[in-house]
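1. Build the 3D model from these lines:
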Amino acid sequence: MGLTARSTGRRRATVLLARPRGLASPEVRTLAIGAVGLGITAAAIAAEVARVWRRGSAPLPGEAPDALAAAEEAVTEAVEVAVAGYQEMPDRENAMFNLLVSFVSTFALARSITFMLRSRQMVGPFRNLVVARRHIHHFVPGIILAFVSGAAAITTSQRGIEPKLAIPFGVGMGLTLDESALLLELDDVYWSREGLVSIQISLTVAAFLGALLLGARFLRRGEQIVLEDPPALG
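-> Numbers count the residues shown, from 1 in each chain. This is a model prediction of the structure:
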């Protein structure tokens, strides 16, 4: 028994020593990725508001008698600019935007609800779903949503429906990728160290969708410059 206890203690000490600490730990890396993503998003929003503030009708901070009221007017104009730009975007770019927003929103909402459900039995209309002693994870409706909306987008001949179908497709992606670690491990590792893989995968997909949306806008502008209005020769 003494040898067994000592060997067990050595194994535990080895595991503790082998675990990455500090900046190398998965938890810190995941938090860092999320913080960078939130920081970039906040900076982009602030830059757009500042741009509209400079070019819009709201008085600049140094010229405004009430800086708070001027800031509120600038934010309102920035929202109007965003809505007008969204309405004028091509259907494909609208679909990508709807997909990105619905995916990120669903992922954040699913994480928040499951965190609250961890200590409670029910949060509003949400609760853990158990059928015949089997816990139905939310990746199940997520896969169904993604399959149905994706199949509808492929088979439909109706024009302009892609932006609408992108919303349930993004919701399905968010619900599924939030539990991607469970699918990879074939075990309920949602709240374990292995479960961080779900967060990392979802953050990576969000960054990829954002880059794809930005790239699509670059391509459209390039098409207008090069293809629709080619430069004069000579």
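
2. How far off centre is stretch 189-200?
-> 16 Å (C-alpha atoms, centre = their mean, to the nearest Å).

3. low-scoring pLDDT stretches of this protein, where are they?
-> 1-27, 29-30, 33, 121-123, 191, 214-234 (pLDDT under 70).

4. For stretch 82-91, buried residues please.
-> Judged by neighbour count using 16 or more other C-beta atoms under 10 Å, the buried positions of stretch 82-91 are residue 89. From N, CA and C alone the C-beta is placed, and that goes for glycine too.

5. Could you list the domains of the chain?
-> Segmentation of the chain into domains, based on automatic domain parsing, reads 32-88, 91-216.

6. residues contacting the most centrally placed residue in the chain?
-> By C-alpha atoms, centre = their mean, the chain has its centre lying nearest to residue 104, at 2.6 Å. For residue 104, the contact set (C-beta atoms under 8 Å, 6 or more residues apart in numbering) comprises 174, 206.

7. same deal with the one 5 residues further on?
-> Contacts for residue 109 were tallied using C-beta under 8 Å, 6+ apart; they are residue 174.

8. Now do the SS call for it.
-> At residue 109 the chain is in helix, as set by DSSP: H, G, I helix; E, B strand; the rest coil.

9. now it: how far from residue 42?
-> As judged by C-beta to C-beta, to the nearest Å, residue 109 and residue 42 stand 19 Å apart.

10. can I assume residue 146 sits in a strand?
-> No. Assigned with three-state DSSP, residue 146 falls outside any strand and is helix.

11. Following element in sequence after the helix or strand that contains residue 38, please.
-> Residue 38 belongs to helix 26-55 when elements are defined using DSSP states H and E. Note on helix 26-55: by DSSP H and E, the next helix or strand toward the C-terminus is helix 67-88.

12. what's in contact with that next one?
-> For helix 67-88, using C-beta under 8 Å, 6+ apart, the contacting residues are 48-49, 52-53, 56-61, 64, 94, 97.

13. before we move on, what about stretch 196-214?
-> By C-beta under 8 Å, 6+ apart, the list of residues contacting stretch 196-214 reads 26-27, 29-30, 33-34, 37, 93, 96-97, 99-100, 103-104, 107, 111, 173-174, 177-182, 184, 190.
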